[in-house]
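Peer 1: Quick one, fold the following:
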Amino acid sequence: MTKGKLKWGWLPVVALLAGMLTAPEARAAGQEWTIDVGHTNIGFSVKHMFSNTTGRFDQFSGTLTLDPKTGTLSAVRGEINTASVNTNHEKRDGHLRSPDFFNVEKHPTMTFVAKKFHTDGDVQHVTGDFTLLGVTKPVTFTVRYLGAGTDPWGGTRAGLTATTTIDRRDFGMKWSKLLDNGGLVVGNDVTISLEIEAMVKK
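Peer 2: Modelled structure (predicted):
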């Protein structure tokens, strides 16, 4: 009887331990998705003298792990071709590709790899390693899940929007000039905005 009681008495403990061991895998569960480049926009905005200049990157790739029922992310990885910067101004884009800014010959890519995930209501805060100009710093994106469903061709798609603001000087991008009023030709804070459409990875 004693042995039987011990045997059955340990079952809740065993179940708890099993749950603790499998919980990380459960959190990491969900489907793997690939970013649809043709329906995704990676944009940025930075102050230029007295107004804001906007731009985007035309070449990039990325994957994520997402639970489409809850909208919860558990993995994100992305890479951007820095030479694909596009502000619709050829001379300015040439300057942005130079060593003053993205230095594309020496640093052809910038990357983001998520490390931490925190959900606050309908918003997720995704923190990861952001690498620009060979410098890696933690950056947190505020992410909103827009939903998922079947497209007209039988595939499964999901939408997300994400934003963050970085100080470009943290990554060694310091070029600017002073205005007569003491302001800067190019601001230091850069807002990054992502409009993402992803497809279930086949």
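
Peer 1: Could you use CA atoms for every contact and neighbour count after this?
Peer 2: OK.

Peer 1: What ranges does the chain have for its strands?
Peer 2: For the chain, the strands identified by DSSP state E occupy 31-35, 41-48, 51-57, 60-67, 72-81, 85-86, 109-120, 123-132, 135-150, 156-167, 186-200, in order along the chain.

Peer 1: Make JSON lines out of the ones you listed and add mean neighbour count, mean pLDDT and distance to residue 93.
Peer 2: Converted to JSON lines, these look like this (neighbours: other Cα atoms under 10 Å; pLDDT from 0 to 100; distance: least, Cα to Cα, whole Å):
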{"stretch": "strand 31-35", "mean neighbour count": "19", "mean pLDDT": "97", "distance to residue 93": "25"}
{"stretch": "strand 41-48", "mean neighbour count": "19", "mean pLDDT": "93", "distance to residue 93": "13"}
{"stretch": "strand 51-57", "mean neighbour count": "15", "mean pLDDT": "92", "distance to residue 93": "9"}
{"stretch": "strand 60-67", "mean neighbour count": "20", "mean pLDDT": "98", "distance to residue 93": "17"}
{"stretch": "strand 72-81", "mean neighbour count": "20", "mean pLDDT": "98", "distance to residue 93": "13"}
{"stretch": "strand 85-86", "mean neighbour count": "21", "mean pLDDT": "98", "distance to residue 93": "6"}
{"stretch": "strand 109-120", "mean neighbour count": "17", "mean pLDDT": "97", "distance to residue 93": "16"}
{"stretch": "strand 123-132", "mean neighbour count": "20", "mean pLDDT": "98", "distance to residue 93": "17"}
{"stretch": "strand 135-150", "mean neighbour count": "16", "mean pLDDT": "97", "distance to residue 93": "22"}
{"stretch": "strand 156-167", "mean neighbour count": "18", "mean pLDDT": "98", "distance to residue 93": "20"}
{"stretch": "strand 186-200", "mean neighbour count": "19", "mean pLDDT": "95", "distance to residue 93": "14"}
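
Peer 1: Tell me, how many residues neighbour residue 70?
Peer 2: Counted with other Cα atoms under 10 Å, the burial measure for residue 70 works out to 11 neighbours.

Peer 1: would JSON lines of the strands of the chain with distance to residue 98 be doable?
Peer 2: Listed next are those as JSON lines, based on distance: least, Cα to Cα, whole Å:
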{"stretch": "strand 31-35", "distance to residue 98": "28"}
{"stretch": "strand 41-48", "distance to residue 98": "17"}
{"stretch": "strand 51-57", "distance to residue 98": "16"}
{"stretch": "strand 60-67", "distance to residue 98": "19"}
{"stretch": "strand 72-81", "distance to residue 98": "14"}
{"stretch": "strand 85-86", "distance to residue 98": "11"}
{"stretch": "strand 109-120", "distance to residue 98": "14"}
{"stretch": "strand 123-132", "distance to residue 98": "14"}
{"stretch": "strand 135-150", "distance to residue 98": "17"}
{"stretch": "strand 156-167", "distance to residue 98": "19"}
{"stretch": "strand 186-200", "distance to residue 98": "15"}
